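Need the 3D shape of this:
(2 chains)
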Amino acid sequence: MRNFWKALARNRLAVVGGVVVVCLALLAVLATFIAPWDPNKPDVKQILDPPSTRHLFGTDQLGRDVLSRMLFGARVSLAVGFVSVGIAATIGILLGAAAGYHGGLVDALIMRLVDLVLVFPRFFLLLAVLAFLKPSIWTIMAVIGLTGWMGVARLVRAEFLALKEREFVLWSQAVGAGAFRIIWRHILPNAMAPVLVAMTLGIPAAILTESGLSFLGLGVQPPHATWGNMLTEGKDTIELAWWLSVYPGLAILVTVLSYNLFGEGIRDALDPRLRQSAGRVVSRGR
Amino acid sequence: MLAYALRRLLLAVPLLLGITLISFVVIHLAPGDPTEMMTGGDPSTVHNPELYKQLLKEFDLDKPLHVQYWKWLSRLVRLDFGRSFAPHGRPVLTMIAERLPITLLLNVVELLIIVSLAVPIGVVSATRQYSVFDKVTTIFVFLGFATPDFWLALLLMILFGVQLGWLPISGLRSLNWEYLSFWQQQADFLGHLVLPITVATFGGLAGFSRYMRQSMLEVIRQDYIQSARAKGLAERVVVGKHALRNALLPIVTILGLSLPTLIGGSVIVESVFAIPGMGQLMVQAAFERDYPVLMGNLVIVSTLTLMANLMADLTYSLVDPRIRVGRRRR
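I've put the predicted structure just below:
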């Protein structure tokens, strides 16, 4: 464990990424206290004001403060990132463990299901489902999670296949431990490292997917601010107000970049061997 | 080889069935009602129970789900994709046929650019690992992974469309298209394609140059590369011939697997730049609850994806002599 922290601290980019990740989480949590203006209060007297000391990132077409809206948008992005990856990881672990431990028909069936979902044009499914369900933050989380578990399932299965032949597992089986206990107490804790890495790298991917869907109008609905739907508004006023299009996108870029740097840093520090095997929980949602 | 291809083709059928079944159930079980759209949301007709029933009956929406699916499927095998729910009621196949070429054009050009740039970038950064070039491309790759494509589209629109006014930012034709000469029309069309293709290429380029670098790094550590050098071959031959050929193999598979993502990407690019392609049709159909158009789109895109995967696998086994598919060992 100490080696892990040492290796992580040596990777300067990963440290920077980690610091930004923590700062972003703080900003999102404390948005109510930090935001200089009410994010949803229109003001006809300051419509599309360019960035100034009064409004650092300018105001939008209803006179709302862009910076304050971005701070509240961070909550949506991070919440979607964490929850949908949580859903994806839970499904992936359950199915991957079942497939890897039991093998045979169970394995064959689950892996065919993985293949099926992998060839599925995912963005099209997301579109179809979200247009038909009432778009809300909960449906987004559920849909991104439900279509993004295949990577974890494959990872967990591979780990289980390798681990179930090891002495400590065979020994537990010999003394009569049940399958459930062996899976949860003995194998899974040893298989978690790559899963955690994949989860860290899955968060930024989910954030990108969410912002893309919000941009298309299928995400969290206005007046609630998300980075994606702020950019949609930016597109409508693209010839008048560049700041509406630039800053929210920059926020997405910085967030995704720092999660990626942090995640890859953790992976390299945990085990350089994982470099290739650790996939992403939620593939880049484009 | 032929037997393998046939077996894979047969396997694609249940896969396609599975995809359509899942989407059919998801789309039809979701709340929301296409009749609203057909009646134009006019309250006097929406609240007319007679008309409502008639509409449901006309589109078989009053039948149980499995009956609906069976009917849809039996029409599909006769290549009848049904008609749109929209008031114009045009055949789905015609609507798709109008839009497929432009989406295919975008995707093919995009893939060609990605491959022709990513391969040399990957090779150079692998053979000169940790050089300035390698570091710059690594930064580019991380930025490429983190940049939302619709944001990049907005930035380029601001710069080249609004500020500089060099390129058009939406659609495929200018308003004065009809008054242009033939060559001016072609130039106009190409001009409209520059920004969409740039945006579509950007994200994929980052990924592929990374894979190419990784693949190349693995290959040049192999023994046969050492022996090629040892027997005195020029570095150019070692890298360009012996290493490159082997490093390209995994890229073929990744190319096939990444097709759904690339096609998904064109949904965003097409809606940002208002390009009348499959992606835009899909978004419209989803918003309007146009079941037949949505399902038709899914069938076409899934079939194309499955075919591309199959082609990638077959190419892989053709170019890699280590893989002998469909031939049992004696």
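
ok, stretch A:241-259 near chain B or not?
Yes - residues of stretch A:241-259 are located near chain B by C-beta under 8 Å from any C-beta of the partner chain, namely A:242, A:245-246, A:248-249, A:252-254, A:256-257. Where C-beta positions appear, they are placed from N, C-alpha and C, glycine not excepted.

Enumerate the residues of the stretch 151-286 of chain A near chain B.
Residues of the stretch 151-286 of chain A lying near chain B by C-beta under 8 Å from any C-beta: A:204, A:208, A:211-212, A:215-218, A:231, A:234-235, A:238-239, A:242, A:245-246, A:248-249, A:252-254, A:256-257, A:260-261, A:276, A:283-286.

Run a quick neighbour tally on A:Ser52.
11 (other C-beta atoms under 10 Å in any protein chain shown).

That one: what's its closest spatial neighbour, skipping adjacent residues?
Distance criterion C-beta to C-beta, 6 or more residues apart in numbering or on different chains; nearest residue to A:Ser52, sequence neighbours excluded, is A:Gly58 at 7.5 Å.

Next, that neighbour: phi, psi?
Per-residue torsions, A:Gly58: phi 80, psi -170 (degrees, to the nearest 10).

in the stretch 1-150 of chain B, which spans are helices?
In the stretch 1-150 of chain B, the segments counted as helices under DSSP state H, counting those that start in this stretch are B:2-29, B:35-38, B:43-46, B:49-58, B:65-77, B:92-127, B:132-146, B:149-156.

will you turn the residues of stretch A:241-259 next to chain B into JSON lines that also has pLDDT?
JSON lines is the format used below for the residues of stretch A:241-259 next to chain B (pLDDT from 0 to 100):
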{"residue": "A:Trp242", "pLDDT": "84"}
{"residue": "A:Ser245", "pLDDT": "85"}
{"residue": "A:Val246", "pLDDT": "88"}
{"residue": "A:Pro248", "pLDDT": "90"}
{"residue": "A:Gly249", "pLDDT": "90"}
{"residue": "A:Ile252", "pLDDT": "92"}
{"residue": "A:Leu253", "pLDDT": "93"}
{"residue": "A:Val254", "pLDDT": "93"}
{"residue": "A:Val256", "pLDDT": "93"}
{"residue": "A:Leu257", "pLDDT": "92"}
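
Could you pick out the buried ones from these?
Among the residues of stretch A:241-259 next to chain B, those buried by neighbour count (16 or more other C-beta atoms under 10 Å in any protein chain shown) are A:242, A:245-246, A:248-249, A:252-253, A:256-257.

Wait, A:Pro223 touches A:Asn40, no?
Yes - between A:Pro223 and A:Asn40 there is a contact under C-beta atoms under 8 Å: 5.1 Å.

Neighbour count for the two, which is higher?
A:Asn40 (15 against 12).

Give me every residue in the stretch 151-300 of chain B lying close to chain A.
Within reach of chain A by C-beta under 8 Å from any C-beta, the stretch 151-300 of chain B has these residues: B:151, B:154-155, B:157-158, B:161-162, B:169, B:203, B:207, B:214, B:257, B:260-265, B:267-268, B:271-272, B:282-283, B:286-287, B:289, B:294, B:297-298.

Kindly write the PyMOL command that selects the buried subset of those residues.
Restricted to buried positions by 16+ other C-beta under 10 Å, the PyMOL selection for these reads:
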select buried, chain B and resi 151+154+155+157+158+161+169+203+207+214+257+260+261+262+263+264+265+267+268+271+272+282+283+286+289+294+297+298
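
What count of nearby residues applies to the nearest residue to A:Val83 once chain neighbours are set aside?
Closest residue to A:Val83 apart from its sequence neighbours, by C-beta to C-beta, 6+ apart: A:Met141 at 4.3 Å. Neighbours of A:Met141 under the rule other C-beta under 10 Å: 21.

What's the local residue count around residue 167?
All of this is about chain A. Neighbour number of A:Glu167 under other C-beta under 10 Å is 8.

Sorry, I should have been clearer: chain B.
As a burial measure, B:Leu167 scores 16 neighbours (other C-beta under 10 Å).

who does the host helix or strand of B:Thr198 touch, helix- and strand-wise?
Assessed by DSSP states H and E, B:Thr198 sits inside helix B:182-219. Contact analysis of helix B:182-219 by 3 or more C-beta pairs under 8 Å, 6 or more residues apart in numbering or on different chains; DSSP states H and E lists helix B:92-127, helix B:132-146, helix B:149-156, helix B:244-257, helix B:259-272 as its packing neighbours.

and the angle for the longest one with helix B:182-219?
Comparing the axes of helix B:92-127 and helix B:182-219 via axes from the mean of the first three to the mean of the last three C-alpha atoms, to 10 degrees yields an angle of 50 degrees.

Which strands or helices does helix B:92-127 pack on?
Applying 3+ C-beta pairs under 8 Å, 6+ apart, we find helix B:92-127 packed against helix B:132-146, helix B:182-219, helix B:244-257, helix B:259-272, helix B:278-287, helix B:291-319.

and these as a markdown table, adding mean pLDDT?
Below are the helices and strands packed on helix B:92-127 laid out as a markdown table (pLDDT from 0 to 100):
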| stretch | mean pLDDT |
| --- | --- |
| helix B:132-146 | 87 |
| helix B:182-219 | 85 |
| helix B:244-257 | 78 |
| helix B:259-272 | 76 |
| helix B:278-287 | 84 |
| helix B:291-319 | 80 |
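
Switch those helices over to JSON lines, and while doing so, append distance to A:Ile187 to every line.
Shown next, in JSON lines, are the helices and strands packed on helix B:92-127 (distance: least, C-beta to C-beta, whole Å):
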{"stretch": "helix B:132-146", "distance to A:Ile187": "32"}
{"stretch": "helix B:182-219", "distance to A:Ile187": "29"}
{"stretch": "helix B:244-257", "distance to A:Ile187": "29"}
{"stretch": "helix B:259-272", "distance to A:Ile187": "32"}
{"stretch": "helix B:278-287", "distance to A:Ile187": "42"}
{"stretch": "helix B:291-319", "distance to A:Ile187": "32"}
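
The ones you listed: which one's closest to A:Phe160?
For the helices and strands packed on helix B:92-127, the distance to A:Phe160 is smallest for helix B:244-257, at 23.3 Å, taking C-beta to C-beta.

For A:Glu159, give me its contacts.
Counting by C-beta atoms under 8 Å, 6 or more residues apart in numbering or on different chains, A:Glu159 touches A:96, A:100, A:187, A:190-191, A:194.
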